[in-house]
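[1] how would this look folded up:
(one chain, ligands or ions: 2)
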Amino acid sequence: MAKVFCIANQKGGVGKTTTAVNLAAGLAMSNYRVLLIDLDPQGNATMGSGIEKHSIEFSVYQVLVGLCSAKQAIVSAENAGFDIIPANRELAGAEVELVEFEGRELKLRQAVDEVCGSYDFVLIDCPPALSLLTLNALCCAHGVVIPMQCEYYALEGLSDLVNTIRQVCKNLNPNLTIIGLLRVMFDPRMTLSQQVSEQLEKHFADKVFKTIIPRNVRLAEAPSYGVPGVLFDKRSKGAQAYLSFATEMAGRVGLAAAAA
Ligand code: ATP
Ligand code: MG
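    Ligands and ions are numbered 1, 2, ... in the order given. So this is what the prediction gives:
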């Protein structure tokens, strides 16, 4: 039965999708069976996994509103080595349509329950908002991975996210935990990066992943080729860091020995 993790941070452009796609590919390279769910109408995880978001038959939108099963919506991202439930702009409508549904925050959980027997990891790439879509992800996950840039404002939004996770844990999903904070787009030359990084370690201690993802242009180039950074240029510093992170993540969630 798969362990389910969402990659969440309501701030935009902090590296959620890059983390989701590269973690998925890194775990797949270690022989784990991975399903990535793109839960963002921008469809960046879909495109970054090599799937053309405009020509998909079913997306996570149809799954959430009950127009198809999760199984029907799964496509193989062959270049990337994992399966994906893709997304595109249609998903923006789900937010409005789901308001009418009873148990609207549990739609994704029902979908994931249907397919999680076939995977070791299910990863969910969240949109940049504490919206009903993100709530659906939090309700079906065992844990949350929070990518953060080490900037002054990064800490500001964190308490809102942590409070939301606490609320979900209390009322809707008692299993939910924060797996860890991941420092991304790190620039060691910046004193501020160092300071914020130290502050995170001080406040969150073991909840901060040891791996630090550097700012690396190869990671930013990879999506335009429809290939995860860890496969696009495996030797780049960014790819190496995401591969280390995948190993750390598997160890942290106790699946390290499970893969062949
Ligand atoms: P959104 O909130 O819009 O969904 P996001 O949090 O998913 O954004 P990404 O799309 O992963 O963030 O990253 C934002 C931009 O930064 C992208 O152009 C991406 O290619 C680039 N980027 C992400 N991580 C790195 C990195 N480590 N080094 C260099 N560029 C990066
Ligand atoms: Mg994104």
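[2] do the longest helix seen in the chain and ligand 1 meet?
    As far as residue count goes, and with DSSP state H defining each element, the longest helix of the chain is helix 154-171. No. For a cut-off given as Cβ under 6 Å from any ligand atom, helix 154-171 has no contacts with ligand 1; the smallest distance is 11.5 Å. Any C-beta I mention is one placed from the backbone N, CA and C, and that applies to glycine too.
[3] list, one by one, the residues from this protein near ligand 2.
    Within the chain, the residues that sit near ligand 2 (Cβ under 5 Å from the ion) are K16, T17, N44.
[4] how would you label the nearest residue in space to the last one that is not next to it in sequence: helix, strand or coil?
    Distances taken as Cβ to Cβ, 6 or more residues apart in numbering place T17 nearest to N44, at 4.4 Å, with adjacent residues excluded. Assigned by DSSP: H, G, I helix; E, B strand; the rest coil, the conformation of T17 is helix.
[5] also L123?
    Local secondary structure at L123 is given as strand here, using three-state DSSP.
[6] quick check: which ranges of this protein have low pLDDT?
    256-260 (pLDDT under 70).
[7] quick one, helices of it?
    In the chain, helices defined by DSSP H lie at 16-29, 44-48, 60-64, 70-73, 91-97, 107-115, 132-140, 154-171, 191-204, 217-221, 229-232, 237-252, listed in chain order.
[8] dump those helices into TSV; add mean neighbour count as well.
    Listed next are these as TSV, based on neighbours: other Cβ atoms under 10 Å:
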stretch	mean neighbour count
helix 16-29	28
helix 44-48	27
helix 60-64	26
helix 70-73	18
helix 91-97	17
helix 107-115	20
helix 132-140	24
helix 154-171	15
helix 191-204	14
helix 217-221	17
helix 229-232	25
helix 237-252	20
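[9] how distant is stretch 61-74 from the center of its chain?
    19 Å (Cα atoms, centre = their mean, to the nearest Å).
[10] for it, which outside residues touch it?
    35, 58-60, 83-88, 90-91, 93-94, 97-98, 101, 107-108, 111-112, 114-115, 136 (Cβ atoms under 8 Å, 6 or more residues apart in numbering).
[11] what about it, how long is it end to end?
    Across stretch 61-74, the straight-line distance between its terminal residues is 12 Å, by Cα to Cα, to the nearest Å.
[12] same question, stretch 52-60
    Its start and end residues considered, stretch 52-60 measures 14 Å (Cα to Cα).
[13] begin at 31 from here
    New numbering, starting at 31: the last item is stretch 82-90.
[14] that one and ligand 1 in contact?
    No. Residues of stretch 82-90 contacting ligand 1 under Cβ under 6 Å from any ligand atom: none, with a closest distance of 13.6 Å.
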